[in-house]
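J.: sharing a sequence plus its predicted fold:
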Amino acid sequence: MRFRGVRGAITVDANTEQAILDATLELLRAIIRMNEVDADDVAGVLFTVTSDLNAAFPAEACRRLPGWTHVPLMCAQEVPVPGALPRCVRILMLMNTTKTAAEVRHVYLRDAERLRPDLTRS
């Protein structure tokens, strides 16, 4: 097993609790599916949000997933760089895996695909 980081991001339609949690769940489920993640292998998840998203903690979405109760979660605000992509939730999931760095699937959804087109695969 190796210790790896999986990155992901998604844009949110509106600054509402429901929109933030729904988008975060969509991103988490995609990361979990594409990387065959087992919660027991996850060391922790860092969530960041842009300053225009403050209606909910995105980590709350992770608590809705079965088996994720004991995974350490942390939320923070993204650096407010002028011109940065608005209404964006970013995730860094740290986990143990047998995958090589090249096999890890980073997930960028909706308008967040433009953040890392080099890592976005069809």
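T.: Cool, got the structure. For clarity, every value in this text was computed on a predicted model and none was experimentally measured.
J.: hmm, who's touching the lengthiest helix in the chain?
T.: Of all the segments of type helix in the chain, defined by DSSP state H, the longest one is helix 17-35. In this structure, residues lying in contact with helix 17-35 by Cβ atoms under 8 Å, 6 or more residues apart in numbering are 6, 8-13, 37, 47, 49, 53, 55-56, 58, 60-62, 64-65, 89, 91, 93, 95, 97, 99, 104-105, 107, 109-110. Yep, even glycine has a C-beta here, placed from its N, CA and C like the rest.
J.: for it, buried residues please.
T.: Neighbour-count burial for helix 17-35, counted by 16 or more other Cβ atoms under 10 Å, picks out 19-21, 23-28, 30-32, 35.
J.: would you list those residues in a markdown table and tack on distance to Leu85?
T.: Below are those laid out as a markdown table (distance: Cβ to Cβ, whole Å):
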| residue | distance to Leu85 |
| --- | --- |
| Ala19 | 16 |
| Ile20 | 15 |
| Leu21 | 19 |
| Ala23 | 13 |
| Thr24 | 16 |
| Leu25 | 20 |
| Glu26 | 17 |
| Leu27 | 14 |
| Leu28 | 19 |
| Ala30 | 18 |
| Ile31 | 18 |
| Ile32 | 23 |
| Asn35 | 23 |
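J.: so which residue is smack in the middle of this protein?
T.: Among the residues of the chain, Ile91 comes closest to the average C-alpha position under Cα atoms, centre = their mean, at 2.9 Å.
J.: what bridges to that residue?
T.: On the basis of DSSP bridges, Ile91 is bridged to Gly8, Phe47.
J.: can you check the one 4 residues further on too?
T.: Bridge pairing for Met95 (DSSP bridges) gives the partners Arg4, Val42.
J.: appreciated, that's everything.
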